[in-house]
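>>> Structure of the sequence below:
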Amino acid sequence: MFCFGLGVGLMAVFGFFVTPMAQEFGASVALLNSGPVALLLVPGILGAWIGKLADRLPIRRILLAGVSVAMLSLAVISRAPTLVLVALAFLGCALGLTLYGPLVINALMVKLYPGREARALALAAIGMSLAAIFLPVLVGTLLAHLDWRDALLSLAAGILIVLWLAILVGVPPGIVGAVPPEQGARSTTIYRNPAFWLIGLCVALGLNVSVVLAVSYPPHFANEGYSVADAGWFLATSGLSGLAGKSCLAWLGDAARDYAKWLVAGVLCLQIAGLGLLFAAGDSYGVFPAMCLLGFGIGAFVPLYPYLNSRYFDAAINSQVNGAQAPLFLPFGLVGAPLAGYIFDRTGSYDGVLIALACTLGVAALLVVRLPAVTR
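Residues are numbered from 1 along each chain as shown. The predicted structure is shown next:
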């Protein structure tokens, strides 16, 4: 939970540093906003390799190395004299975040809690929801008293200490991820398993819909005539609903383990219903239920991805499967947000985007229901 919240959860405060860095380096906000693309490129390129590491080396060491690389990279950014050095250090940060991010943490949960994967995965993923609540307050307070460089350095130092303590206390020191010799050969057959492609494409579509929505929410609400305060309440509602979605999966997921694909399809259909309500909403009374459905569905979908893989692949190669599927996310991730902006520029509305996203989720649901019944 700590690794989720203080890893990928850091993106909740990325925007706090964009404006002061743009002013200091004389760069455009659009250029700095392209930074998170590294968080897609690094896992997409190195995901399979990192997945093999997580299945063969002590996971505790991988996590500690990732935390150290990421936080030292943030420290470098806080003292970087040029934007080029900032970009290189951010690539290092993205590598560190990948080493202690979902790819490795999800594998740890699956290996440590056989038979209780859904609960472990969902509770760990709650860290992202908690980070979205607390990190903005913390960073806002730091920036109120320090310049952006000192605030970033303080944040990196604090996270380094907290995560090292959490990992040393909470993660067993043994070789949790080691692959037994008789199971090592199975990793070469994952590409021949139709479940690999069906799950990978389904999740690539579903998660990238979430990314596009996150980018599109603020301008969509502004275009519909809502105030910034209204948009804040809408997003807060979605965040709280996401927390409820993860909590519900923690309670229900393991009981429905033999029907995992139908659970995923149901969560995707909830999101489609939310998009339909958002498309039809004429006032805030229509937006709030839409955000509840979308937030709940997106929140539950995040831990369902590794859970679904755990139902169709041996736990000994779970990390390799997750890592090998990472490149499937790149095409959709790189074109989704720009395409949404293009549709808005051409039509002056995000209605077409909402329809396209609903259709995308429909395709994802059709892919997942084509999975065979779970036999193990």
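>>> got the buried residues for the host helix or strand of residue 134?
Under the criterion of DSSP states H and E, residue 134 resides in helix 117-145. By 16 or more other CB atoms under 10 Å, the buried positions in helix 117-145 come out as 117-132, 135, 139, 142-143. Every C-beta, even on glycine, is put in place using the N, C-alpha and C of the backbone.
>>> Check which element follows that helix along the chain.
helix 148-170.
>>> Report the contact partners of residue 215.
Residue 215 makes contacts with 337, 340, as judged by CB atoms under 8 Å, 6 or more residues apart in numbering.
>>> Which residue comes closest to the residue sitting nearest the centre point of the chain once chain neighbours are left out?
Centroid check for the chain by CA atoms, centre = their mean gives residue 8 as the closest residue, at 6.3 Å. For residue 8, ignoring the flanking residues on the chain, the nearest one in space by CB to CB, 6 or more residues apart in numbering is residue 101 at 5.6 Å.
>>> Quick check: phi and psi on that neighbour?
Backbone torsions of residue 101, given as degrees, to the nearest 10, read phi -100, psi -160.
>>> Would you mind measuring from it to residue 45?
Between residue 101 and residue 45 the distance is 14 Å, computed by CB to CB, to the nearest Å.
>>> Tell me which of those two has more neighbours.
The neighbour comparison of residue 101 against residue 45 (other CB atoms under 10 Å) goes to residue 101, with 22 against 14.
>>> That one and residue 9 touch, don't they?
No. Counting by CB atoms under 8 Å, residue 101 does not reach residue 9; the two are 10.1 Å apart.
>>> residues contacting residue 205?
Applying CB under 8 Å, 6+ apart, the residues near residue 205 are 332, 360-361, 363-364, 367.
>>> what do you get for residue 43?
Applying CB under 8 Å, 6+ apart, we find residue 43 in contact with 50, 98, 101, 103, 323, 326, 329.
>>> Which parts of this protein belong to which domain?
As given by automatic domain parsing, the domain ranges for the chain are 2-174, 189-369.
>>> What distance do you get for the closest residue to residue 277 other than its chain neighbours to residue 80?
Excluding the flanking residues, the one nearest residue 277 by CB to CB, 6+ apart is residue 290, at 3.6 Å. Plainly put, residue 290 is 42 Å away from residue 80 if you go by CB to CB.
>>> One more: residue 307?
39 Å.
>>> Neighbour count: the two, which is higher?
A count of neighbours by other CB under 10 Å puts residue 307 above the other of residue 307 and residue 80, at 24 against 18.
>>> which regions of the stretch 201-350 of the chain lie under the pLDDT threshold?
Counting by pLDDT under 70, the stretch 201-350 of the chain has low-confidence residues at 228, 250, 253-257, 315-316, 318.
>>> for stretch 272-288, which positions count as buried?
Residues of stretch 272-288 classed as buried: 272-275, 277-279, 281, 287-288 (neighbour count, 16+ other CB under 10 Å).
>>> I'd like the average pLDDT over stretch 353-373.
Stretch 353-373 carries an average pLDDT of 89.
>>> Residues in contact with that stretch: which ones?
Taking CB under 8 Å, 6+ apart as the rule, stretch 353-373 contacts 194-195, 198-199, 201-203, 205-206, 209, 212-213, 216, 220, 258, 261-262, 264-265, 268-269, 271-272, 275-276, 278-279, 308, 312, 340, 343-344.
>>> What lies in contact with stretch 134-153?
Stretch 134-153 is contacted from outside by 5, 9-10, 12-13, 16-17, 20-21, 24, 74-75, 77-79, 154-155, using CB under 8 Å, 6+ apart.
>>> ok, now stretch 86-102?
Residues contacting stretch 86-102 (CB under 8 Å, 6+ apart): 3-4, 7-8, 10, 21, 25, 35, 38-39, 41-43, 46-47, 50, 62-63, 65-74, 76-77, 80, 125, 163, 167, 306, 322.
>>> roughly how far is that stretch from the heart of the chain?
14 Å (CA atoms, centre = their mean, to the nearest Å).
>>> give me the element residue 115 is part of.
Using DSSP H and E, no helix or strand contains residue 115.
>>> and what of residue 269?
For residue 269, the host element (DSSP H and E) is helix 260-280.
>>> I'd like to know which elements that helix is packed against.
With contacts taken as 3 or more CB pairs under 8 Å, 6 or more residues apart in numbering; DSSP states H and E, helix 260-280 sits against helix 194-223, helix 284-312, helix 351-369.
>>> what element comes up after the longest one heading to the C-terminus?
In other words, helix 194-223. helix 228-252.
>>> which helices and strands sit right next to that next one?
Checked by 3+ CB pairs under 8 Å, 6+ apart, helix 228-252 has helix 117-145, helix 194-223, helix 284-312 packed alongside it.
>>> Redo those as JSON lines? Include distance to residue 94.
Shown next, in JSON lines, are these (distance: least, CB to CB, whole Å):
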{"stretch": "helix 117-145", "distance to residue 94": "17"}
{"stretch": "helix 194-223", "distance to residue 94": "15"}
{"stretch": "helix 284-312", "distance to residue 94": "19"}
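>>> wait, isn't residue 6 in contact with residue 161?
No. Counting by CB under 8 Å, residue 6 sits too far from residue 161 to count as a contact (10.7 Å).
>>> more crowded one of those two?
Legend: neighbour count by other CB under 10 Å for residue 6 and residue 161, higher for residue 6 (26 against 12).
>>> residues contacting residue 51?
When contacts are counted by CB under 8 Å, 6+ apart, residue 51 touches 103, 107, 319-324, 326.
>>> Distance check, residue 297 against residue 213.
11 Å.
>>> Could you do residue 161 as well?
34 Å.
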